[in-house]
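Student: Show me how the following folds:
(chains A, B, C and D)
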Protein chains: 2
Amino acid sequence: MALPKVGSIGEYIREQRQQAKISLRQLAAAAGVSNPYLSQIERGLRKPSAEILNQIAKGLHISAQALYVQAGLIEDRETPSDVVTAIRADTHLTERQRQVLIDIYESFRKEKRAGDEQTSQNAHPRSDSVADDEQSLPEELRAALEPYAASTGNGTVNQETKEG
Amino acid sequence: MALPKVGSIGEYIREQRQQAKISLRQLAAAAGVSNPYLSQIERGLRKPSAEILNQIAKGLHISAQALYVQAGLIEDRETPSDVVTAIRADTHLTERQRQVLIDIYESFRKEKRAGDEQTSQNAHPRSDSVADDEQSLPEELRAALEPYAASTGNGTVNQETKEG
DNA sequence: CCACTCTGCTTGCAATTGCAAACGAAATGG
DNA sequence: CCATTTCGTTTGCAATTGCAAGCAGAGTGG
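Tutor: Here you go, the predicted structure:
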């Protein structure tokens, strides 16, 4: 049934291995997996688990993410915005906090775009056409955030926020 | 090695799920895995494959990398997703906006740390009031975020995850 | 020619994944 | 009180992972 449709990952591993000029058995030993299994992985007959994938990545001295992307386990275009990505990847926030933070960030971006239109004679034609009036731009939010930012009393942001 | 010592990943998934306030079955359906299996994963009795992990990440609306890091499948330094760094590096924000975002982010972190101290005792939450059980936010911030967060329940305006 | 070593591949088999079905507990309602 | 729903969990089972053992071919050299 679930036969080899995982070819790309295997091919990729084999490419990387041959490029490193090491034998299948050598890589198998370096990665801590058996040679027959690695053989089957490279030919797309088996679908390796994440753990095996990680060990193979180490054996190949390549980033594990490269393998995961090849295996389709990570969206390659997982970068709509660096800030959004970072927020989504933050393990110390709740789901709700993430949503709120992202929404605030996007409303900030809109605000800034609106402000930039006055200084820039060339407006960006938004072919995407997000419904402008549908967006609930939080006026109350903005009104509340301004005094909040002022009330923090730090004209210069404290740049050391280290934690253990 | 009968029992795999993968407890942390399961605990992390359970934490994220409870913070998102969805049931085990709901997440299982959203992730496309069976509920008993998800239950076993959360309790560390089973070691999910990368594919399952990826689906769970989607169901939780978190980055797959976050899960892989927790599972020990990716080195921490491979994910440079630091929210503060990303905000500071964003050229599409004004300095003021950056500062406010960072402040909000840090207050969220503090908030969650305070809330995490009692996550183990999670009674059955009645879903009649969504924004009632939130913790202590700065007054002005909370007053502004409450109605705003309520509107972000399901229909996000700009970007929505396409599922289907 | 035969022994040795390297290459990758095929074959069973134990262990594990992942799921369908079913179970007890707690809440809602007739 | 009992039916119903929802919650997380337990129980068997098919399918798969991953490995030890063994196979065939290509060098190398005594």
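Student: Please make it C-alpha for all contacts and neighbour counts, starting now.
Tutor: Noted.
Student: Compute the first-to-last residue distance for stretch A:14-33.
Tutor: One end of stretch A:14-33 sits 15 Å from the other (Cα to Cα, to the nearest Å).
Student: same thing with stretch A:36-53?
Tutor: Using Cα to Cα, one end of stretch A:36-53 lies 15 Å from the other.
Student: for it, which positions count as buried?
Tutor: A:38-39, A:41-48, A:50-53 (16 or more other Cα atoms under 10 Å in any protein chain shown).
Student: Quick check: the farthest pair among those residues?
Tutor: By the measure Cα to Cα, A:Arg43 and A:Glu51 form the most distant pair in the buried residues of stretch A:36-53, at 18.6 Å.
Student: Next, the contact list for A:Gln55, please.
Tutor: A:Ala31, A:Gly32 (Cα atoms under 8 Å, 6 or more residues apart in numbering or on different chains).
Student: Now with 6 Å, please.
Tutor: Residues near A:Gln55 by Cα atoms under 6 Å, 6 or more residues apart in numbering or on different chains: A:Ala31.
Student: longest single helix anywhere in chain A?
Tutor: Looking across chain A with DSSP state H, the single longest helix is helix A:95-119.
Student: Going by neighbour count, which residues in that helix are buried?
Tutor: So helix A:95-119, judged by 16+ other Cα under 10 Å, has buried residues A:95-111, A:113.
Student: Please apply the same query to stretch A:10-22.
Tutor: Across stretch A:10-22, burial judged by 16+ other Cα under 10 Å covers A:Gly10, A:Glu11, A:Tyr12, A:Ile13, A:Arg14, A:Gln16, A:Arg17.
Student: hmm, back to that, show me which of the buried residues of stretch A:36-53 neighbour chain B.
Tutor: Contacts with chain B within these, as defined by Cα under 6 Å from any Cα of the partner chain: A:Ala50.
Student: how about the residues of chain A near DNA strand D?
Tutor: Taking Cα under 7 Å from any atom of the strand as the measure of proximity, chain A contacts DNA strand D at A:1-3, A:32-34, A:36-38, A:45-52.
Student: cutoff 6 Å now
Tutor: Neighbours of DNA strand D within chain A, by Cα under 6 Å from any atom of the strand: A:Met1, A:Ala2, A:Val33, A:Ser34, A:Pro36, A:Tyr37, A:Arg46, A:Lys47, A:Pro48, A:Ser49, A:Ile52.
Student: Just the element for the fifth one, please.
Tutor: This points to A:Pro36. Taking DSSP states H and E as the criterion, A:Pro36 maps to helix A:35-42.
Student: now swap in A:Gln26 and tell me
Tutor: For A:Gln26, the element it lies in under DSSP H and E is helix A:24-31.
Student: So is that helix next to DNA strand C?
Tutor: Yes: contact of helix A:24-31 with DNA strand C (Cα under 6 Å from any atom of the strand) involves A:Leu24, A:Arg25.
Student: For that helix, which helices and strands make contact with it?
Tutor: With contacts defined as 3 or more Cα pairs under 6 Å, 6 or more residues apart in numbering or on different chains; DSSP states H and E, the packing partners of helix A:24-31 are helix A:50-60.
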